[in-house]
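Visitor: quick check, what structure comes out for this input:
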Amino acid sequence: MRPLWEHRCMSTNPRPIMLVHGAWHGAWIWSDLINRLAAVGVPAHAIDLPGHGVSPLPPSDVNGDADALARAAQRVGPDAIWVGHSYGGAVISAASALASAAHLVYIAAFALESGESVNGFLRAAPRHHVELADAMQPGDEASTLNPDVAGDLLYRGLDPALIASHVTRLDPQPHATMTTPIETSGLGAVPSTYILCERDRCVHPEHQRIMAARCDDTITVDEDHSPFLSAPDTIVEILHGLATA
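Guide: As a prediction, the model looks like this:
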C-alpha cells in the first residue's frame, strides 16, 4: 500500500505541491483542494502521516512523521512547495532539514525552530485559550476530539453531511507528536510563507503571529482554522501564484 496519495495533472511546469495534514486527520482532507489545483494546472500530492489514513506505518512522534514526509517527498522532487496545516507545520519544519523543498507554506500552522515542540512553543508563548483545548479528550498514548464539537471547530460553514463524514474519519493523535522537540528545522534556510487565519479557534491568531514573524512573508485571511475548505479559491490563488512564480 502506497503511503503517498496523489493526483497528477498536465501543466506548464509549475512547481508541484506537497500537502501535509494536521493532527487527527489524513490525506483525505486535501481531496477537494487537490482537485481545484489540478483544474488550474498545478500537480498536488498529499501524504498520510504514520498512523493516519491508509498509512501502513505505526503511529510515531514528530520526528518519525518528518522522516516519513522526507522519504515521500523524494518521489515528488526537490522543487516542490510543501504546505503544512496546523500540526503539519511542525512536520514540514523538521522534514525540510532532511530533504529538499523549494518553499514552505504554513496554514495556521506550527512553524517550529530546531529543538522546539508544539507543546513547548505553547508553554513559552503568551497564554491564549482556544476552543480546541476544550474539545480534546486525552487517552494514555493519544488524544481524540469530542465529536459533538469537533465539526464546528474544524469545518465551520461546510455542508452538515460533509462535516459529519469528516468527523467520523478523525484518528487518535499520539501525544508524542506534540511533546517531542523537532531535531532540526529547515525554517529560515528555505523560503517560507505563513497564511494567518484571523478567526481561528484551534491555533490562536496571536500565536500564529509569533510564528508568522519567523517566515519570509505573511498572508492574512479572515477565516477559521481550515481555509482550504472554507475559502478554497483563496488558497488555490495563493498556491498557484507560488507554484508558477
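
Visitor: look up phi and psi at the most centrally placed residue in the chain.
Guide: To find the centre residue of the chain, average its C-alpha atoms and take the closest one (Cα atoms, centre = their mean): that gives H85, at 2.0 Å. As for H85, its main-chain torsions (degrees, to the nearest 10) stand at phi -110, psi 130.

Visitor: swap in the one 3 residues further on?
Guide: Geometry field for G88 lists phi and psi as phi -60, psi -20, criterion degrees, to the nearest 10.

Visitor: same deal with N63?
Guide: Here N63 shows phi and psi, under degrees, to the nearest 10, equal to phi -70, psi -30.

Visitor: and the closest residue to it other than its chain neighbours, how far is that from A90?
Guide: Taking Cβ to Cβ, 6 or more residues apart in numbering as the measure, N63 lies nearest to E183, with 5.5 Å between them; neighbours along the chain are not counted. Every residue, glycine included, has its C-beta placed from N, CA and C. Here the criterion is Cβ to Cβ, to the nearest Å. By it, E183 lies 12 Å from A90.

Visitor: lowest average confidence, helix or strand, in the protein?
Guide: Across the helices and strands of the chain, the lowest-confidence element by mean pLDDT, DSSP states H and E is strand 4-7, at a mean of 34.

Visitor: can you name the element that comes right after that strand?
Guide: Helices and strands here follow DSSP states H and E; after strand 4-7, the next one along the chain is strand 17-20.

Visitor: what pairs with that following strand, parallel or antiparallel?
Guide: Strand 17-20 pairs in its sheet with strand 44-47 (parallel), strand 81-85 (parallel), by DSSP bridges.

Visitor: highest mean neighbour count out of those?
Guide: strand 81-85 (a mean of 28; mean count of other Cβ atoms under 10 Å).

Visitor: convert the C-alpha atoms of that one to CSV, please.
Guide: In CSV, the C-alpha atoms belonging to strand 81-85 read as follows (Å, rounded to 0.1, in the frame of the first residue of the first chain):
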residue,chain,number,x,y,z
ILE,A,81,6.3,23.5,-2.4
TRP,A,82,5.5,21.9,1.0
VAL,A,83,2.3,23.0,2.7
GLY,A,84,1.6,22.2,6.3
HIS,A,85,-1.7,22.7,8.1
